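Peer 1: Quick one, fold the following:
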Amino acid sequence: MNYKVIAIEREYASGGTEIGEKLAARLGVPCYGKEILEKAAQKMGISIKELEDLEEKTTSSLLYSIYAMANISSGEVRMLTKEHELSITESEIIKNLVIGNPCVIVGRCAAGIFREDTSVLKVFIQSDMETRKERAVNVYRNDEKNADSLLKRFDKRRNEYYKATVGKDWRDMSSYHMILDSGKLGIDSVVDILETCAR
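Peer 2: All right, here's what the predicted structure looks like:
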């Protein structure tokens, strides 16, 4: 592979997880997403549900993130909030996962964590609202009445967590090599494109 890691960030219900799993299967490499959250839960000694709640509460204060990282560097872990401890724990897990291990990572701020790494292909998957709503209802089994608010809520949560972890806006397209529209292209065509780039 030209790129040892493919980091996929995605709008909620854009099919990013399916794309990541299909791409990993074609390339014969592991795909990590929810597994990172599971490892973080185990390391922090709390449930996945608690971690998901922490992600939702994470603030995007860049100044606090810089302050927290300075404390971590000097060994002052106790000064961190649980939310920032989570983002640092996940970052460490991701960095350890990719050592000598080509893989696909879906979400978890991997594109930002590896922003300076030229061996990582950074991709953003988006789609139109109607396609995403349809997927949210038919694939994720969400209530159609709440689909609009759900999409906005999850996108906001991802953006806030990304900003808190990386210090950049999740939708800053200068952070990515490629922005692909899964609604217009279709899931399998996006996988085709990424497979070609990876190889």
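Peer 1: This protein: strands as residue ranges?
Peer 2: Using DSSP state E, the strands of the chain run over 5-10, 31-32, 103-106, 120-126, 178-181.
Peer 1: partner strands of the second one, parallel or antiparallel?
Peer 2: Each strand that strand 31-32 pairs with, and the sense of that pairing, follows from DSSP bridges: strand 103-106 (parallel).
Peer 1: distance between the strand it pairs with and the chain's centre?
Peer 2: Mean-position distance between strand 103-106 and its chain equals 9 Å (Cα atoms, centre = their mean, to the nearest Å).
Peer 1: If you drop the residues flanking it in sequence, what lies closest to the residue positioned nearest the centre of the chain?
Peer 2: In the chain, the centroid-proximal residue (Cα atoms, centre = their mean) is residue 107; its distance is 1.3 Å. Once flanking residues are discounted, residue 107 sits nearest to residue 33: 5.7 Å by Cβ to Cβ, 6 or more residues apart in numbering. C-beta: built from backbone N, CA, C; applies to glycine.
Peer 1: My understanding was that residue 10 contacts residue 106; is that so?
Peer 2: Yes. Proximity of residue 10 to residue 106 meets the contact threshold set by Cβ atoms under 8 Å, at 7.1 Å.
Peer 1: and for these two, which residues touch both?
Peer 2: 16-17 (Cβ atoms under 8 Å, 6 or more residues apart in numbering).
Peer 1: Let me see the contact set for the closest residue to residue 115 other than its chain neighbours.
Peer 2: Spatial nearest neighbour of residue 115, chain neighbours left out: residue 175 (6.3 Å); criterion: Cβ to Cβ, 6+ apart. Residues in contact with residue 175 (Cβ under 8 Å, 6+ apart) are 111-112, 115, 122, 124, 168.
Peer 1: for this structure, which spans come out with low pLDDT?
Peer 2: 1, 59-80 (pLDDT under 70).
Peer 1: quick one on the thing from earlier: just checking, the residue nearest to the centre of the chain touches residue 158?
Peer 2: Yes. Shown here, residue 107 and residue 158 form a contact pair, counting by Cβ under 8 Å, at 7.3 Å.
Peer 1: okay, and the common contacts of these two?
Peer 2: Shared contacts of residue 107 and residue 158 (Cβ under 8 Å, 6+ apart): residue 9.
Peer 1: What spatial separation is found between residue 86 and residue 48?
Peer 2: Taking Cβ to Cβ, to the nearest Å as the measure, residue 86 falls 11 Å from residue 48.
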